Every structure is written in C-alpha cells, then in structure tokens.
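K.L.:
Provided below are the primary sequence and the corresponding predicted coordinates.
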Amino acid sequence: NNKITYLPDSIVELGKLEELVLQGNQIAILPDNFGKLSRVNIWKIKDNPLIQPPYEVCMKGIPYIAAYQKELAHSQPAVKPRLKLVLMGQKDAGKTELRQCLINKPQDVTVAPVNKGIDVTNWIADAERSLTFIVYDLTGAQSYDLIKPFFLSPGALYILVVNLKAYVSRHFYASVGYFLHLLSAKVPHGVVCIVGTHTDLCNEVEIEEKCLDIHCQIALQEKRDTEFLHSLARKVDEAQGQDYAARTSSPHVLYYGVSDKNLRRKKAQLQYLLNHRLQILSPVFCVSCVGDLRNTQRLKDKLMSVADHREIFPNLHRILPKSWQMLEELHFKPQDLWVSWWDSARLGLQAGLTEDRLQSALSYLHESGKLLYFEDSLTLKEYVFHNLPKFIDILNVFFQRDAAALLQKLLGEADGDQVRVTQLHHYVEGFLLHGLLPSHVMRLLLKPHIKTQQDLHLILELLEKMGLCYCINKPKCKPLNGATVWYKFPCYVKNEAPHAEAWINGGSGIPGHLFAVEQLQIEYSFPFLFPPGLFARFSVQINAHVVQRSDGKYQIFAYRGKVPVVVSYR
C-alpha cells in the first residue's frame, strides 16, 4: 500500500531474496528476468494493475512469471483485443433483446426469444482493429444465482439492464442496488454501464424522472456503503490501539483474540474496498430495442470508446506470447467437450510449446476464463475443458428449474412405457423438491451433450469441483450389479427441515435435535449481502469432511466423527 508504480531493474540481482510483498500498489510492468528471484517463497502481488506479465500469471508465482517472460523472449508478441461484456439484471429487464440489438445489424434485428439460461456470443465490434466482445447474457432467473458469480471477473465491462417501464422507486434495490452490491463484492473497481430499456413504452417525462431517481438512489447507497466501511475501519483502528493482552481479556471485547497481523490484513482489505469503488458510467443510457432502435448505435459507440480507454482497460492492450495465443485458437477448433492433457500437449507442439512450457500457458488461459484446467485436482488435471459454450449448455440443463423442459428431455427415452413414464416423473419431482438425481437419469438429461460414460464421469467431477452437487453414496469401487449412484444439488432443497434422504431410503439420517454438553458456535455476518449460492457451495465442499448428513434449505445436520455439527444460515 505505498503507491509504488515500478520496480527498479536491479531488483532481479537480489539472488538471496526470500520474501517480496508488493500488494496494494500501482505496479503495471515487472522487470525482465524476474525469474532470477527463484528463492522468493513469500510472494504477494495482488491489487496491482498488472499488464506485463498479465495479472493472472503474476498471481501464480515467480516460476510462472519466469516461464512467461522466457516464452515472450522466444516468440513473436501478439495483441488481440477481446473484452468480456456481461449483461445482467432482473428477469424481463430486456437483456436478450439488447444483446441482439448490439450484435446484429439493424435490418437483422428480430424479436428475440426469451433467454432460458446463460448465453455466450462473440461480437466483432470493429473488424479493422479486430476488437471483439465476448458477450455473456446472464439470465435473471433466481435458480441461476448459484452459478452467476462464476461469470463475474475482473477486467470485464458490465451492463446492468433496467426495464424503465416496470421500474418503481421503492424497488430500486431489487432492480439496481443488489446488482451493484454483488459487483462491488466480486469485482471491486469494476466498470458498469447502466442501460434503461423499454423506453418506447414510456413518455419523455417518465424516462427523465426514473433515470434521475436511479442516479439519486445509487448516490445514497454509495454514501451509506462508504460510511459503513469507514466505521468498520475505525473499529479495527480502535482494536489495533489496544495491546494483544487487552484483546484476549474477555470474549466481549471487539476483535477478541485476533492477532495484530490479522488486524493489519483486515484494515488493508477495508482500505482496498474504499479505494476501489465501482466505476459507474453515467448517465443512465436509455435505449429501445424495437422500432427506431433508439440510441442503440450510440450505445455501441460508447462501449467501443470505453474499451479503447487504456486507463480503464489496460489488460485489453497487453502483449501475449504468440505461442499462447495460437494455443488458445487451436483449442477452439475441436468440437468435443474436452480434450485429454496429451491431446492438449500435441496442440501445444503445433503452437511451438514444448511440454514443460505448456503448463504456464494452460494456467493463464484458465485464470483468464478462456478454458477450464484444474491443475490442483487429481482427476481433472488430466483433461482440458476447452468448449465453454458446450459446458454452459450443460449448466443450463440443470439450472432452468423447469419441470416441463426436464420431462421433455426424458420422456423421449420412455417409448410409451407407462411404468417408465411414472418413474421419470418421480425423478423430476425428487430433483425439483430435494435436489436428488441418479446418475443414469443425469446421463439421459445430458444425452445431446455427452457421448460416453467417461464424459458423464468428468462432468460430474467438474460440477462437484465447482460446488454445484455432490455424490451421496459414492462407491469405493465399481458398484455391484449396477447399483444406483445418487447426486444431490443443495440449491434445489425446498424443505426447511433436513429430511430429504428419507425420500430415497425411507429412513431419517439424523434426529431433528442435537444436544451436546459442550458447544462451539462460530458465526459470520456479511456486511452488505449474503453471497448468492454460498450456502449451497459450502454444503458441497464440506461433504468430504462429514458423515450421516441430512440437508434442509437453510440447515445441515451431520457428524464429524462422533461430533454432531449443525451448519445454518439466515
């Protein structure tokens, strides 16, 4: 936190340096030969506007920086501006119609179908400069709240779409404020353009009044938020003013038992949030997606001019090794859902990357959201998931929460067999009430997208890795007689009290009341909003650590060894 803008080239000569903490500065470029600092084992660089090497590479550590710089020295640099553009807002805000207006020529614009999920499209906004927007259209349906945060990343441009005809002042938070809080938490300093749609249904006075109300309420929310963050920072300062002995004297003391080091970290985090507020482009941009397509061309021009702004989007103009860019383009060619690591290595050789240099390139492509490669997973590190649109189609199957659509996919397999039809109805009901699905039904649902049992196995591993579902009776070896393996999606659990497992086996896993002589209670309160989907993802992540669990919508009963555990949120 020292506003350092650059490092001297001579720093790379400090061959015995072991600790280098540079977080919270203004460093954009690291000196060449940074890999010489090979003995550095404590490396902190986050919260810097890094361009060269890219932020994603720097966060991985010194060996990755060394590999990047070596690759850049050996191959021709390449600049290919591609900016992620994310459309978000409430259901029926007009996101899909707006996407169609932006991407298509005026004569090609038709009435867009309602978007039933998450959609990704490439938009070549300026062919001469090869400026491309990767447009993510995020549905407003609540069933997607669990996975929407995966698509919010630094360095993207966000369009918050508001239906001006439906907008009323008392619902500001649901229409605008909530989304700004979500972006503030997930992408501090993010760039947001607020677009008002359906202006063709409003008169000019109505448009002006509603836009003014949105501006005023944004300013009031921002004032409240910064005051609250300042009050938290003052409390941390008060706690730092006491010595550690005073902070451990009573459980009722503020920041009881928290070390000086952790208080300093807390203060730095609060300071970072205060210094990196959202960059909201003003005023509200009013458009119509029918008739004269009011202001849609102006909006396109505005988005391109913002993308051109090097201070706002420095990463858009960063230089990459040509071999890394070639590797990305080669991965986009296969139509399958995944390629094996060895197939990826063969593509790497075509791009001029030997096996030892491939890891850094794949890691960068994963961190920058171009593909999925989990080097920390024993199973998944053998595969590269390069076809993100196909993977998003798979997510859409599970998160539409539409009984008719699910049944339509399944009933084609029943061939008129009434017993089979009844059974499939039962499975869909169980999924939408309790989040339970057997693996063979999941395979039927995904039939257009997966071809082999290995495809299914990898997709289920990937969904579990992302915190979306877990296996409730995973066999230690191959199940005998094809025993049914069940998966649970915690975000679908509807019953308040945990008892869903009874739906499968007629038993109740754990008694409704847990009593213990000693209790340890840990509580955490979130300052602005409860992160959407956090409870469901946490529910998946604890599965490997507990037994005899039973899930409710807001509560989990389980055992850790012989110790009863209750996890709940409100």
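P.N.:
That came through, no problem. Everything numeric here is computed off the predicted structure, so don't read it as measured data.
K.L.:
for this structure, which spans come out with low pLDDT?
P.N.:
For the chain, the stretches with pLDDT under 70 are 75-80, 106-116, 317, 413-416, 475-482, 499-517.
K.L.:
ok, how many other residues are close to residue 382?
P.N.:
By other CB atoms under 10 Å, 14 other residues sit near residue 382. To be clear about C-beta, it is placed using only N, CA and C from the backbone, and glycine gets the same treatment.
K.L.:
how is residue 235 assigned, secondary-structure-wise?
P.N.:
Classification of residue 235 by DSSP: H, G, I helix; E, B strand; the rest coil places it in helix.
K.L.:
and what of the one 10 residues further on?
P.N.:
Under the three-state scheme (three-state DSSP), residue 245 adopts helix.
K.L.:
please name the spatially closest residue to residue 228 (chain neighbours excluded).
P.N.:
Of all residues not flanking residue 228 in the chain, residue 527 sits nearest, at 6.6 Å (CB to CB, 6 or more residues apart in numbering).
K.L.:
if I pick residue 135, what's in contact with it?
P.N.:
85, 86, 87, 99, 102, 103, 120, 121, 122, 123 (CB atoms under 8 Å, 6 or more residues apart in numbering).
K.L.:
element containing it, please.
P.N.:
Element membership for residue 135, per DSSP states H and E: strand 131-137.
K.L.:
pairing partners for the helix or strand that that strand is followed by, with directions?
P.N.:
Going down the chain from strand 131-137, the next helix or strand is strand 157-163, by DSSP H and E. If you go by DSSP bridges, strand 157-163 pairs up with strand 82-89 (parallel), strand 191-197 (parallel).
K.L.:
let's verify residue 123: helix, strand, or coil?
P.N.:
With three-state DSSP as the basis, residue 123 sits in strand.
K.L.:
hang on, isn't it packed against residue 132?
P.N.:
Yes - counting by CB atoms under 8 Å, residue 123 does reach residue 132; the two are 6.8 Å apart.
K.L.:
distance check, residue 242 against residue 232.
P.N.:
17 Å (CB to CB, to the nearest Å).
K.L.:
right, I mislabeled it, should have said residue 131
P.N.:
Per CB to CB, residue 131 is found 40 Å from residue 232.
K.L.:
ditto for residue 378
P.N.:
Relative to residue 232, and taking CB to CB, residue 378 is found at 40 Å.
K.L.:
when these two are compared, which one has more neighbours?
P.N.:
Each of residue 378 and residue 232 has its neighbours counted (other CB under 10 Å); residue 232 has more, 17 against 8.
K.L.:
return the backbone torsion pair for the nearest residue to residue 39 once chain neighbours are set aside.
P.N.:
Among residues not flanking residue 39 along the chain, residue 18 sits closest, at 5.5 Å (CB to CB, 6+ apart). With angles defined as degrees, to the nearest 10, residue 18 sits at phi -120, psi -20.
K.L.:
make sure residue 18 is actually in contact with residue 41.
P.N.:
Yes - counting by CB under 8 Å, residue 18 does reach residue 41; the two are 5.7 Å apart.
K.L.:
what's the residue nearest the centre of the chain in contact with, if anything?
P.N.:
For the chain, the residue nearest the mean C-alpha position is residue 150 (1.5 Å; CA atoms, centre = their mean). Going by CB under 8 Å, 6+ apart, residue 150 touches residue 466.
K.L.:
returning to what we had before: so the strand holding residue 135 versus strand 157-163, what angle?
P.N.:
Per axes from the mean of the first three to the mean of the last three CA atoms, to 10 degrees, the angle that strand 131-137 makes with strand 157-163 is 50 degrees.
K.L.:
what's around the nearest residue in space to residue 71 that is not next to it in sequence, how many residues?
P.N.:
Once flanking residues are discounted, residue 71 sits nearest to residue 321: 4.2 Å by CB to CB, 6+ apart. By the criterion of other CB under 10 Å, residue 321 has 28 neighbours.
K.L.:
so residue 321 makes contact with residue 68?
P.N.:
Yes - counting by CB under 8 Å, residue 321 touches residue 68, with 7.2 Å between them.
K.L.:
need the three-state assignment for residue 497.
P.N.:
Going by three-state DSSP: residue 497 is coil.
K.L.:
that one touches residue 555, doesn't it?
P.N.:
Yes - if you go by CB under 8 Å, residue 497 and residue 555 touch, sitting 7.4 Å apart.
K.L.:
out of the two, which sits in the more crowded spot?
P.N.:
Neighbours were counted for residue 497 and for residue 555 using other CB under 10 Å; residue 555 has more, 17 against 13.
K.L.:
in the sheet, who's paired with the more buried one?
P.N.:
Going by DSSP bridges, residue 555 forms beta bridges with residue 568.
K.L.:
list the contacts of it.
P.N.:
Contacts of residue 555 (CB under 8 Å, 6+ apart): 496, 497, 498, 566, 567, 568.
K.L.:
for it, give its distance to residue 146.
P.N.:
Relative to residue 146, and taking CB to CB, residue 555 is found at 17 Å.
K.L.:
with residue 403 instead?
P.N.:
19 Å.
K.L.:
any idea how far residue 348 is from residue 9?
P.N.:
For residue 348 relative to residue 9 (CB to CB), the value is 31 Å.
K.L.:
for those two, indicate the residue with more neighbours.
P.N.:
residue 348 (24 against 11).
K.L.:
for burial, what's the neighbour tally of the closest residue to the more buried one other than its chain neighbours?
P.N.:
Among residues not flanking residue 348 along the chain, residue 358 sits closest, at 4.2 Å (CB to CB, 6+ apart). Neighbour count of residue 358, defined by other CB under 10 Å: 21.
K.L.:
list the contacts of residue 129.
P.N.:
Counting by CB under 8 Å, 6+ apart, residue 129 touches residue 81.
K.L.:
if we use 10 Å, what do you get?
P.N.:
Residues in contact with residue 129, defined by CB atoms under 10 Å, 6 or more residues apart in numbering, are 79, 81, 304, 307, 308.
K.L.:
and the helices in the stretch 351-500 of the chain?
P.N.:
Taking DSSP state H, counting those that start in this stretch as the criterion, the stretch 351-500 of the chain carries its helices at 355-367, 388-399, 403-411, 418-434, 439-445, 453-465.
K.L.:
out of the ones you listed, which one sits most buried?
P.N.:
helix 355-367 (a mean of 20; mean count of other CB atoms under 10 Å).
K.L.:
now do that one: which elements does it pack against?
P.N.:
In terms of contacts (3 or more CB pairs under 10 Å, 6 or more residues apart in numbering; DSSP states H and E), helix 355-367 is packed against helix 55-60, helix 62-74, strand 320-321, helix 322-331, helix 341-350, strand 383-384.
K.L.:
and the third one, what other elements does it pack with?
P.N.:
Right, the one you point to is strand 320-321. helix 62-74, strand 77-78, helix 322-331, helix 355-367.
K.L.:
hmm, the residue nearest to residue 348 is touching residue 331, no?
P.N.:
No - contact criterion CB atoms under 10 Å: residue 358 and residue 331 do not qualify, at 11.4 Å.
K.L.:
shared neighbours, those two?
P.N.:
Joint contacts of residue 358 and residue 331 (CB under 10 Å, 6+ apart) are 344, 347, 348, 351, 384.
K.L.:
please look at the last one and residue 362 and confirm they touch.
P.N.:
Read it as residue 384. Yes - counting by CB under 10 Å, residue 384 does reach residue 362; the two are 6.5 Å apart.
K.L.:
common neighbours of those two, please.
P.N.:
Counting by CB under 10 Å, 6+ apart, the residues touching both residue 384 and residue 362 are 331, 341, 344, 345, 371, 372, 373.
K.L.:
contacting residues for the closest residue to residue 132 other than its chain neighbours?
P.N.:
Of all residues not flanking residue 132 in the chain, residue 82 sits nearest, at 4.7 Å (CB to CB, 6+ apart). Applying CB under 10 Å, 6+ apart, we find residue 82 in contact with 122, 124, 130, 131, 132, 133, 134, 307, 316, 328, 368, 370.
K.L.:
give me the neighbour count for the third one.
P.N.:
In other words, residue 130. 12.
K.L.:
now the second one
P.N.:
Using other CB under 10 Å, residue 124 has 11 neighbouring residues.
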